[in-house]
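Engineer: what shape does this take:
(chains A and B)
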Amino acid sequence: MLIHIFKQIWNRKRSNLWIGIELLLVFCLLWYIVDYFFVLEYNKSLASCRDLNHTWQVDVALLPEEHPEYQPGESDSTALLDNYFRVLDRIRHHKDVEALAVLSGWSTPGGGGYYGDWFRSRRDTTREGNGQAILFDPQTDLFKVFRYTTQDGKPVAVEDFDWSDPKAIVIGDLAVKTFFPDGNILGEVLESPSSPETNFVVKGSIGDIKRFDYERPQLAFYRAERIKADNIAEMEIAVRNRETVSDRRFLQEFKETMSRELRIGNFYLREVKSYKQINADTDFSFGQTSNVRIHTGMMLFFLVNIMLCVMGTFWYRIRVRRDEVGLRMAMGATRANIRKMLVLEGLCLLAVVTLPAMLIETQLVYLGLIDTLGQGRNNLGYLPDRLVLRFILTNLLTWVLLAVAIVVAIWLPADKAAKLAPADALHYE
Amino acid sequence: MLKIYLKQAWNLIRQERLFSLIYVVGTGLSVSMVMVLSIVFYMKIANIYPETNRDRMLVAKSGMIKHKNGSQSSSSLSESMINTCFGSLKGVEAVALISRHDGECMVQPDGDPVQLPVTVKYVNTVFWKVFEFRFLNGKPFTDADQQSAIRTAVIAESLARRLFGTTDAAGKFISVDFRQYRVCGVVKDASLVTEKTYALVWFPYTVADGYKPNGSWYDTQALGDYHAYILASKGTDLKALKKEAEEKAERYGKMLGEETFTALGQPDYYWQSCFRYWSNERPDYVLLSLQYGLIILIFLLVPSVSLSGMTDSRMERRLSEMGVRRAFGAPVGTLMTQIISENFLFTALGGVFGLIFSYLLIYLTRDWILQIGASFVNALPEGADVVFSPGMLMNYQVFGIALLVCFVLNLLSALVPAWRASHRQIIDSLNAK
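Structural biologist: Sure, this is the predicted structure:
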């Protein structure tokens, strides 16, 4: 059967040449995009040991001096701090708030902000690395608000670690592997390579997080930044709502009651935003959202093109080959046989171009035109870094995608051919 | 003769509806992709209200300082750098300043507790000369307002209607972030398409918080808060002016004492400035044009191969007709012209479909498509929408590009099949059924 089909393809090489070239072109271009999505989806599938669902950024601001309700008496540092703690208490005691945290505005989860730390291990000074510092007030529970877990999934809380030491630091799992591969971390010291007098004492480790969903995890350092009168403006309040209420109800009700209750001193509630939304906005402004849309658009464009090409060409081919179809039917081929033969013909064409396409692709790889999203943050043997395996997998995916497109495109003309009455078809002979 | 060809082609379309549909959709897709790119760049580069002078404009947005210790800083430009380098050049009509500290502020409407978010820009007085906004009421703020940092504002028509119910708002007061500003003029709204000048409220740059006359960023002299839009007077040779301005900026950069400053090849032509995203890097325009050229080539080539395939199969069915015509002495050239012009009817139909489809695509993706290629995509200001005027989408340049794309696509998809069909042996052709 297969030999027979290849013979037919060969005999029609003239018109098959066009489909062949088109398939070759689209195979390579589509592979490029499949590769992009492969890496993207792989990165997304890497676990992030925190959960942004049901969490909210509560934006509390100070009235400007020009505001009619501004009270000059409430602006000195003690009044400011007292009022701020009253604000925190009122939020904490809201009936649907499960946990509250105060963290630095640089560390907004999903916010794209980055406050870098550069450390080396004092024990082995050759081990150093860059990572994101996440600063928060340890009197509040950052880990509970964002449901942090250890690398193996056990929940953690801020009070699991000793924050009484002003030099306390908690590090992510990747930092453990980078600085202390033997796993002994308690009491170890991390210091800045440029000024070793800046140093921190490791109090424990938690699971890795990703700064962006579509990138790999990175080194993370959790440090204490206590609320003071002069840093209130840079801190943000995060809360988690109880799962017994829906997010929408919570937002509506929380905003309504808190707009009144948080008018303390010169403080007022400016905005409540979900961290999911903040994360989506970050993806948008970092160009990731439009990148995904452009890649999706291109992929659809290529697929539609190949489908139109296959459909158009087969449509004509079947009209020209009516007599052949009639003859086959007269010799006892069923309708299913006819359909199967035509679909197989399309798939064989695809098979023929696969090898040349892969050859062209290797040239693209060789030229360094393929970039890996999120590479460079850390290279600890992720799948996309294993070039050969990735190449085979992405080609396989491309093949399946194209095969589906071809089968769908051939189905309509093939069905029409199969439904031809044998007498009609033979009549053309 | 052409009429007969087209008539024949029209009959072919009617005979083979499904095939024609596939062909037209294929062409349309390709045309729409190329047109989306073209229209986006048209809107970025062509003279569009209120940026109607883009074709005689030079833009300098940023510069870089090399410090004594080898480190580098880059940022927007200072007022004094802009004035020294570009203010006194011959052929310069005006230099508009736009502060990079634009952003969203809150307007407190009279007697309404709900505040309105508005986009605000800080500009100088000649901004109104460089960018030809249409004043519906009042005037721009004056030099005196600017010098004494008097809280005045020009507002957009839509905001005036929203706050006062009328465009006659000059002399009234608005409250922005609880400060009172006197409205001195009302202008016709600009669209977010011209995002560099878009705002609902424009203030003199001197009223901005933290403004210091001739201030600069960390006393670097050259770096500051401003982007300069240099308008050349009519008839000035823009290329010569650009060269002169570049040289002046470089000379200025060497006279700063211990630090050296470079404007990295700025001022740019307006179109170049659209690709300048980083303040410490010169864009590689050759690479950029290669990239966009490759994308357009892919958009044309991928469909044209498949269209060629379809044209070729169609020709195969008409081989006998070709054979008869050649047997009666039709020259190869005539046959090829016929096939290509017949095919143009298909392509043109696809072109119309593609152009309409590209309008739809642009409309659906309006919140980000104009920032295609940018490293950071600015989200739309709250409550704002990108509005297209018919002139931005439908004009002879856009139609011209669409027609050109059709021509190219038609040639790409019909030339080879036409050549092959008209060069077959007559005997073969005649023999074909």
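
Engineer: make it CA atoms for all contacts and neighbour counts henceforth
Structural biologist: Fine.

Engineer: just the pLDDT at residue A:380, thanks.
Structural biologist: On pLDDT, residue A:380 comes in at 62.

Engineer: how does chain B divide into domains?
Structural biologist: Per the record's domain assignment (automatic domain parsing), chain B is made up of the domains B:2-47+B:285-431, B:54-273.

Engineer: okay, those in CSV with mean neighbour count next?
Structural biologist: Converted to CSV, the domains of chain B look like this (neighbours: other Cα atoms under 10 Å in any protein chain shown):
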stretch, mean neighbour count
domain B:2-47+B:285-431, 18
domain B:54-273, 19
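
Engineer: okay, now the closest residue to chain B within the stretch 101-250 of chain A: neighbour count?
Structural biologist: Using Cα to the nearest Cα, the closest approach of the stretch 101-250 of chain A to chain B is made by residue A:112 at 11.8 Å. If you count neighbours by other Cα atoms under 10 Å in any protein chain shown, residue A:112 ends up with 17.

Engineer: how is residue A:351 assigned, secondary-structure-wise?
Structural biologist: Residue A:351 carries the three-state label helix when classified by DSSP: H, G, I helix; E, B strand; the rest coil.

Engineer: show me the domain layout of chain A.
Structural biologist: Residue ranges of the domains in chain A are recorded as A:2-46+A:286-427, A:55-285, according to automatic domain parsing.

Engineer: ranking those by mean pLDDT, which is last?
Structural biologist: Comparing mean pLDDT across the domains of chain A, the weakest is domain A:2-46+A:286-427, with a mean of 85.

Engineer: around chain B, pick out the residues from the stretch 1-150 of chain A.
Structural biologist: By Cα under 8 Å from any Cα of the partner chain, the part of the stretch 1-150 of chain A that sits against chain B consists of A:15, A:18, A:19, A:21, A:22, A:25, A:26, A:64, A:66, A:67.

Engineer: can I get the domains of chain A in CSV with distance to residue B:14?
Structural biologist: Written out in CSV, the entries for those read as follows (distance: least, Cα to Cα, whole Å):
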stretch, distance to residue B:14
domain A:2-46+A:286-427, 16
domain A:55-285, 46
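
Engineer: ok, which of those domains comes nearest residue B:133?
Structural biologist: Between residue B:133 and the domains of chain A, the tightest spacing by Cα to Cα is seen for domain A:55-285, at 29.2 Å.

Engineer: that closest one: end-to-end distance?
Structural biologist: Taking Cα to Cα, to the nearest Å, the span from the opening residue of domain A:55-285 to its closing residue is 21 Å.

Engineer: got phi/psi on residue B:76?
Structural biologist: According to degrees, to the nearest 10, the main-chain angles of residue B:76 amount to phi -70, psi -180.

Engineer: for the residue lying closest to it once chain neighbours are set aside, what are its contacts?
Structural biologist: Across the structure, with Cα to Cα, 6 or more residues apart in numbering or on different chains as the measure, the residue nearest residue B:76 apart from its sequence neighbours is residue B:62 (4.2 Å). Neighbour list for residue B:62: B:74, B:75, B:76, B:77, B:223, B:227, B:263, B:266, B:279, B:280 [criterion: Cα atoms under 8 Å, 6 or more residues apart in numbering or on different chains].

Engineer: the first one bridge partners, please.
Structural biologist: It refers to residue B:74. Applying DSSP bridges to residue B:74 yields these beta-bridge partners: residue B:64.

Engineer: pretty sure it is touching residue B:217, no?
Structural biologist: No - applying Cα atoms under 8 Å, one finds residue B:74 not in contact with residue B:217, separated by 9.9 Å.

Engineer: name the residues contacting each of these two.
Structural biologist: Shared contacts of residue B:74 and residue B:217, defined by Cα under 8 Å, 6+ apart, are found at residue B:223.

Engineer: the contacts of residue B:62 in strands, which ones?
Structural biologist: B:74, B:75, B:76, B:77, B:223, B:227 (DSSP state E).

Engineer: take the residues you listed and lay them out in a markdown table including distance to residue A:52 and pLDDT.
Structural biologist: Rendered in a markdown table, the data for the ones in strands among the contacts of residue B:62 read as follows (distance: Cα to Cα, whole Å; pLDDT from 0 to 100):
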| residue | distance to residue A:52 | pLDDT |
| --- | --- | --- |
| B:74 | 35 | 87 |
| B:75 | 35 | 88 |
| B:76 | 36 | 90 |
| B:77 | 40 | 91 |
| B:223 | 40 | 89 |
| B:227 | 39 | 93 |
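
Engineer: make a markdown table out of those and add distance to residue A:173.
Structural biologist: Conversion of the ones in strands among the contacts of residue B:62 to a markdown table gives the following (distance: Cα to Cα, whole Å):
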| residue | distance to residue A:173 |
| --- | --- |
| B:74 | 36 |
| B:75 | 37 |
| B:76 | 40 |
| B:77 | 44 |
| B:223 | 42 |
| B:227 | 45 |
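
Engineer: how about residue A:353: what's its closest non-neighbour residue?
Structural biologist: The spatially closest residue to residue A:353, leaving aside those adjacent along the chain, is residue A:24, at 5.8 Å (Cα to Cα, 6+ apart).

Engineer: who's residue 204 bridged to?
Structural biologist: The chain I'm using is chain A. On DSSP bridges, the residues paired with residue A:204 through beta bridges are residue A:170.

Engineer: other chain: chain B
Structural biologist: Applying DSSP bridges to residue B:204 yields these beta-bridge partners: residue B:123.
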